[in-house]
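A.B. asks: Build me a model from this:
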Amino acid sequence: MSTATASHQPPGSASRTADTNDMNAILERSWWLIALRGLAGVLFGLVALVLPFATILALVLLFSAYMLVDGLFSIVTAVWAVQQGQRWGLLTLQGLVSIATGIIAFAWPELTVVAFVLLLAAWAIVSGSLLVTVAAGVDGDHGRWWVALAGIASLAFGALMVVAPMVGAVVLTWWLGAFAFVLGVALLILAFRLRSLFRDHPPVSVTRSTT
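C.D. replies: You can find the predicted model right below:
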């Protein structure tokens, strides 16, 4: 019976299973990096919410630092995935997008509110799309819905920025702070869920090396 069942698997199902296992292993082993990204998001969100009257220059520089840290964590996770022969393309892309956004914000701190909002929108939409794509390759036990929630929150924030690009600096700070806080909490919950799974079922190294 098992042989017959295996022979009737849909084409590509074995590849999809391997891809899911790869992503699950990456998430489990990098739970502490996800926790650090979540903590950075929570701290940034709290600062933005507590100090909403900061100047646009201060907000841009603070956001730039947050993006550089977030991107660095993604790149470190991608490097670990390469060393383990697992998929690293999406992690690298997300890290590069965050780092590029941080560099742009840092190099041109005199950005107007509208330009900064559009930069935020572009980053949020790209990052959200990547997170939703990652969620599709993760099984339920490994926090698929928390990854998806983070992606949906990012997409919603990006759409909000596009719809209301002329929002005032104070309101923008509140929105950005709330978004970063929600995203950070979701990542922290995901990280500790993965930490429990990693301790119970240490992942097995995968020998494939594809992007």
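A.B. asks: Run through the helices of this structure in chain order.
C.D. replies: With DSSP state H as the criterion, the chain has helices at 2-7, 13-29, 31-50, 56-83, 89-107, 113-136, 144-163, 169-200.
A.B. asks: So which residues make contact with the fifth one?
C.D. replies: Looking back up the chat, that one is helix 89-107. 26, 60-61, 63-68, 70-75, 77-78, 81, 111, 116, 119, 122-123, 126-127, 130-131, 133-134, 211 (CB atoms under 8 Å, 6 or more residues apart in numbering). In short, each C-beta sits where N, CA and C put it, glycine included.
A.B. asks: residues in contact with Trp32?
C.D. replies: Counting by CB under 8 Å, 6+ apart, Trp32 has contacts 191, 195.
A.B. asks: Which residue comes closest to Met67 once chain neighbours are left out?
C.D. replies: Gly102 (3.2 Å; CB to CB, 6 or more residues apart in numbering).
A.B. asks: Tell me which residue is most central in the protein.
C.D. replies: Nearest to the mean C-alpha position of the chain, by CA atoms, centre = their mean, lies Leu131 at 5.6 Å.
A.B. asks: Does that residue touch Arg144 like I think?
C.D. replies: No: look at Leu131 against Arg144 with CB atoms under 8 Å: they stay out of range, at 11.0 Å.
A.B. asks: buried sites along stretch 98-106?
C.D. replies: Buried positions in stretch 98-106, judged by neighbour count with 16 or more other CB atoms under 10 Å: 98-99, 101-102, 104-105.
A.B. asks: how far does it sit from the chain's center?
C.D. replies: Distance, stretch centre to chain centre, for stretch 98-106: 15 Å (CA atoms, centre = their mean, to the nearest Å).
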